[in-house]
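[1] Turn this into a model:
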Amino acid sequence: MVEMHRDGAGPAIEVTNMSYAWRDGTPALRDANLTLPAACRSIIVGANGAGKTCLLRCIGGMYKYEGSVKVEGSEAYVVNRLGTSGSVEVICGTNIWRKGNCTIVGERWQPNGSSTVSTMLSLLDGWTEERRDMIVDRFGIDLDWKVNQLSDGKKRRVQLLLAFILPSQLLLLDEVTTDLDVLARQSLLQFLKEENEVRGVTVLFSTHIFDGLEEWGTHVTYVREGTVVLNKELAGMSELEPYKAQGSLTPLFHYVEATVRKDAETARAAGRKSTRGQVLPSMIAAN
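    Numbering: from 1, shown residues only. Predicted coordinates:
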């Protein structure tokens, strides 16, 4: 599929014939191809177990893949003498990883110990008080919070603070709105949009929650059974037209719901299993 680059920008991400298998040999990604321009906001969608998390981690240089994954012209995975991608660092022991100008934010974080938010920030170098205060204010964070005493929603907000405190040019976000209330979620989407539009940050946002995304994203990337089957600009996306003609106010949601449902029915009829070893279920989502 030929990808049109927004505003004439060159590609930030080029995935070419990329595959990845779990340790037992089960394929997670198969010949994935994806090109996304710099300064885009791509919504990564697909059923549970389709390979979205694996795709983001390969792009972030965490997993050793077959084929090619280039981020800003350089291969994502860099082998060190131990045979692993030594350029990827863990941030403050959380489910956050950083490789150069790329930051990956993953699943829920369950901190141990009684450290405060301020103490955790002190473990990081190079951030400014101005940026810290901006993010703290956006997400309603108290720097004196003890992280092991927080609700899941507050832990998620602290996780985002630690992820965003050092600016990145590429953000890979995997289901990060889980546990966030409606205000925190809208604050996150607005923050990401400003980072994108003001600083030119490229954002890949994997989610099953579509509230507020119809006008937020610039691209849609659909993953099915380990393969990228659709990668288009959201504006003018022909697949949404039937739902718009039906009067849908949320055509992206209805397109993804219908497509995942069809995929699940096809998989069940064929007896196929997902990359996680489970028969692909229909997506259950609230809109």
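[2] all strands of the stretch 1-150 of the chain, in order?
    11-21, 27-37, 41-45, 66-71, 74-75, 89-90, 96-99, 102-105 (DSSP state E, counting those that start in this stretch).
[3] Residue 117: which of these is closest?
    For these, the distance to residue 117 is smallest for strand 96-99, at 14.1 Å, taking CB to CB. For every residue, glycine as well, the C-beta is placed using N, CA and C.
[4] on contacts alone, who are the packing partners of the closest one?
    The criterion is 3 or more CB pairs under 8 Å, 6 or more residues apart in numbering; DSSP states H and E, and the helices and strands that strand 96-99 contacts are strand 89-90, strand 102-105, helix 152-164.
[5] JSON lines for the ones you listed, including mean pLDDT and distance to residue 69?
    As requested, the helices and strands packed on strand 96-99 are arranged in JSON lines below (pLDDT from 0 to 100; distance: least, CB to CB, whole Å):
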{"stretch": "strand 89-90", "mean pLDDT": "89", "distance to residue 69": "18"}
{"stretch": "strand 102-105", "mean pLDDT": "96", "distance to residue 69": "11"}
{"stretch": "helix 152-164", "mean pLDDT": "95", "distance to residue 69": "21"}
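[6] okay if I get the ones you listed as TSV plus mean neighbour count and distance to residue 233?
    TSV is the format used below for the helices and strands packed on strand 96-99 (neighbours: other CB atoms under 10 Å; distance: least, CB to CB, whole Å):
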stretch	mean neighbour count	distance to residue 233
strand 89-90	10	33
strand 102-105	24	22
helix 152-164	22	26
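[7] and the gap between residue 176 and residue 194?
    When CB to CB, to the nearest Å is applied, the distance between residue 176 and residue 194 equals 16 Å.
[8] Then residue 232?
    Where residue 194 is concerned, residue 232 sits at a distance of 24 Å (CB to CB).
[9] These two - which one has more neighbours?
    Neighbours per residue, other CB atoms under 10 Å: of residue 232 and residue 194, the larger number sits with residue 232, 18 against 13.
[10] tell me how far the helix or strand bottoming out on mean pLDDT in the chain is from the chain's mean position?
    When the helices and strands of the chain are scored by mean pLDDT, DSSP states H and E, strand 89-90 comes last with a mean of 89. When C-alpha coordinates are averaged (CA atoms, centre = their mean, to the nearest Å), strand 89-90 and its chain have centres 17 Å apart.
[11] How about stretch 47-56?
    Per CA atoms, centre = their mean, the centroid offset for stretch 47-56 relative to its chain is 10 Å.
[12] For residue 90, see how far away residue 114 is.
    The separation that residue 114 has from residue 90, given CB to CB, amounts to 20 Å.
[13] Same check on residue 155?
    17 Å.
[14] Residue 29 too?
    Summarising the geometry, the distance separating residue 29 from residue 90, computed by CB to CB, is 23 Å.
[15] got it, and residue 69?
    The span separating residue 69 from residue 90 equals 20 Å under the rule CB to CB.
[16] So which bits of the lengthiest helix in the chain are buried?
    The helix spanning the most residues in the chain, taking DSSP state H as the definition, is helix 251-270. Buried residues in helix 251-270, defined by neighbour count with 16 or more other CB atoms under 10 Å: 251-257, 259-260, 263-264, 267.
[17] Kindly report the same for stretch 180-194.
    Buried residues in stretch 180-194, counted by 16+ other CB under 10 Å: 180, 184-185, 187-189, 191-193.
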